[in-house]
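S.K.: Got a sequence here, can you build the structure:
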Amino acid sequence: MVCKLENTDCAAPIFGGWEETMIWSCLQGVMGHIYADDKAKPSSAMAILGDFCFLAGSPDEELASYKPEWCTQDFIIIVPQNRQWGAVIEKCYGDKARKVVRYAMKKEPDIFNRNRLENIIEQLPSEYTLRMIDEPVFHDCRKENWCGDLVSQFADYNSYQRMGLGVVVMRDEVPVAGASSYTVYQGGIEVEIDTKMEYRRRGLATVCGAKLILECLDRGWYPSWDAQNLWSVALAEKLGYHFSHEYDAYEVTAYGQCR
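M.R.: Model (predicted):
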């Protein structure tokens, strides 16, 4: 039987050395939830936060197909710990689960070159301005699909102000690109970066990323970066990150509706 863990310490060994900050957020009780097959001595566990779900331990069909009652979304990205979990996901969801490749970047706290990042910011064309995500910008982001994920995991501005961090590029007082904390864990954030379609390929995302990294460094936070595609890998490398490895994930379009 699937149960929610209030004491997540018992699930930590199941995730082992998985360097995924969203798992850390769940284990730390900062954001997200941990579910398992047993409250006291779990052998299988699931970390779920935002659009992501991570499965670890002994492959378990019941856990792989479980959707918490509070979760209303139909789309989710399920990341298996290994191929055995991948096989279980495919068995549960069939053609509702599309296997994709994602790209992990190395977590190297001391790798960033401040001068290089500051030079990137200085290249912002004069028709644009940089602005930290304050309350008006927070609400602007919630109204637009392209930038919604910059603030989507925070219930309100007070929560974002307390835990989150972000920056946008403005043109005519309207956000056109941004970089922000998709999620938060103790000691850092998971970076979300977006640009409005008609403003892409102008270097705006690079400027936002550089500014966000510097703001994190000033606070002693680590800005973790996980790439959905090779474009995101290239952007991360431009900012100082180094590629680590590819990994499999499943984009599930009917979450909780197993075949």
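S.K.: Run through the residues that contact S44.
M.R.: Shown in contact with S44 (C-beta atoms under 8 Å, 6 or more residues apart in numbering): 14, 36-37, 55-60, 63. For glycine as for every other residue, the C-beta is placed from the backbone atoms N, C-alpha and C.
S.K.: Report the separation between it and S65.
M.R.: Distance of S44 to S65, given as C-beta to C-beta, to the nearest Å: 12 Å.
S.K.: what do you get for V169?
M.R.: 41 Å.
S.K.: More neighbours: those two, which one.
M.R.: Set V169 next to S65 and count neighbours by other C-beta atoms under 10 Å: V169 wins out with 26 against 18.
S.K.: can you give me the strands for the stretch 1-150 of the chain?
M.R.: Per DSSP state E, counting those that start in this stretch, the stretch 1-150 of the chain carries strands over the ranges 3-4, 33-36, 44-49, 52-57, 76-80, 97-105, 129-132.
S.K.: in the stretch 51-200 of the chain, which spans are helices?
M.R.: 61-64, 83-93, 114-122, 135-143, 157-163 (DSSP state H, counting those that start in this stretch).
S.K.: could you point out where the stretch 151-259 of the chain is predicted with low confidence?
M.R.: 259 (pLDDT under 70).
S.K.: Let's see that with 50 instead.
M.R.: For the stretch 151-259 of the chain, no stretch has pLDDT under 50.
S.K.: quick one, strands of it?
M.R.: Using DSSP E, counting those that start in this stretch, strands in the stretch 151-259 of the chain cover 166-171, 174-185, 188-195, 222-224, 226-227, 243-252.
S.K.: Now distance to F75 too, for those, in a markdown table please.
M.R.: Formatted as a markdown table, the strands of the stretch 151-259 of the chain follow (distance: least, C-beta to C-beta, whole Å):
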| stretch | distance to F75 |
| --- | --- |
| strand 166-171 | 23 |
| strand 174-185 | 15 |
| strand 188-195 | 16 |
| strand 222-224 | 22 |
| strand 226-227 | 17 |
| strand 243-252 | 7 |
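S.K.: To K91, which of the ones you listed lies closest?
M.R.: Closest approach to K91 among those (C-beta to C-beta): strand 243-252, 11.6 Å.
S.K.: Could you export the strands of the stretch 1-150 of the chain as CSV, including mean pLDDT and distance to W146?
M.R.: As requested, the strands of the stretch 1-150 of the chain are exported to CSV (pLDDT from 0 to 100; distance: least, C-beta to C-beta, whole Å):
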stretch, mean pLDDT, distance to W146
strand 3-4, 96, 33
strand 33-36, 98, 28
strand 44-49, 98, 21
strand 52-57, 98, 20
strand 76-80, 98, 19
strand 97-105, 98, 21
strand 129-132, 98, 17
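S.K.: Out of these, which gets nearest to C216?
M.R.: strand 129-132 (12.4 Å).
S.K.: That closest one packs against which elements?
M.R.: strand 166-171, helix 204-219 (3 or more C-beta pairs under 8 Å, 6 or more residues apart in numbering; DSSP states H and E).
S.K.: For that strand, buried residues please.
M.R.: 130-131 (16 or more other C-beta atoms under 10 Å).
S.K.: now swap in stretch 135-153 and tell me
M.R.: 137-138, 140-141, 146-147, 149-151, 153.
S.K.: Could you single out the nearest of the residues you listed to G240?
M.R.: Distances from G240 to those, taken by C-beta to C-beta, are shortest for L150, at 21.2 Å.
S.K.: I'd say the closest one and D194 touch.
M.R.: Yes - look at L150 against D194 with C-beta atoms under 8 Å: they come within range, at 6.3 Å.
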